[in-house]
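S.K.: Kindly generate the corresponding structure for this input.
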Amino acid sequence: MANEALLAAFDEELFDAYQRARSEAHYNATRFLQMLNERRGLETARILLHSANVSEGYTALWERKRLDLTVEAIIHDNPKWHPLFTKEELNTCENRLKAYEYLR
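M.R.: Numbering: from 1, shown residues only. Okay, the predicted model is just below:
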């Protein structure tokens, strides 16, 4: 049951990031919202993390200096989400954030 609660909280966190990207960064991530509605947060995050390249949304948020709103940063910056992901997925988050100078 705790796992389902964690998954639901992660869903909410990503929906919140979508809303914040729209209101604070003036970026409307329609594809991301569609993915969240169809697949929920965990599967959406995994699809994005297993992609060979960063998403269009990641790039758009980088251009707006708001990488804090990316799936990668949300996962990396909050250890409570770490149990949902493999070591490789967590490394992908860290590597992408370093490559785009969010992390030093």
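S.K.: Give me the contact list for the helix or strand hosting residue 91.
M.R.: Residue 91 belongs to helix 87-99 when assigned by DSSP states H and E. Applying CB atoms under 8 Å, 6 or more residues apart in numbering, the external contacts of helix 87-99 come out as 45-46, 49-50, 54, 58, 67, 70-73, 75-76, 82, 85, 103-104. C-betas here are computed from N, CA, C, even on glycine.
S.K.: List only those of these flagged as buried.
M.R.: Among the contacts of helix 87-99, those buried by neighbour count (16 or more other CB atoms under 10 Å) are 45-46, 49, 54, 58, 67, 70-73, 75-76, 85, 103.
S.K.: Let me know the secondary structure of residue 103.
M.R.: Secondary structure, DSSP: H, G, I helix; E, B strand; the rest coil: residue 103 is coil.
S.K.: Which residue lies nearest the spatial centre of this protein?
M.R.: residue 71 (0.8 Å; CA atoms, centre = their mean).
S.K.: Show the pLDDT at that one.
M.R.: Here the pLDDT value assigned to residue 71 is 98.
S.K.: ok now the lengthiest helix in the chain, how far from the chain's centre?
M.R.: Taking DSSP state H as the criterion, the chain has its longest helix at helix 2-24. Centroid displacement of helix 2-24 relative to its chain, using CA atoms, centre = their mean, to the nearest Å, is 9 Å.
S.K.: Show the pLDDT at residue 104.
M.R.: For residue 104, pLDDT reads 83.
S.K.: which non-adjacent residue is nearest it?
M.R.: With CB to CB, 6 or more residues apart in numbering as the criterion, residue 104 has its nearest non-adjacent residue at 7.5 Å, and that residue is residue 98.
S.K.: where in this protein is pLDDT low?
M.R.: By pLDDT under 70, the low-scoring segments of the chain are 1-2.
S.K.: circling back: list the buried residues for the longest helix of the chain?
M.R.: Applying 16+ other CB under 10 Å to helix 2-24 flags 10, 13-14, 17-18, 21 as buried.
S.K.: quick one: contacts for residue 72?
M.R.: Contacts for residue 72 (CB under 8 Å, 6+ apart) come out as 48-49, 58, 92-93, 96-97.
S.K.: Of those - the most surrounded one?
M.R.: Most neighbours among the contacts of residue 72, by other CB atoms under 10 Å: residue 93, with 25 neighbours.
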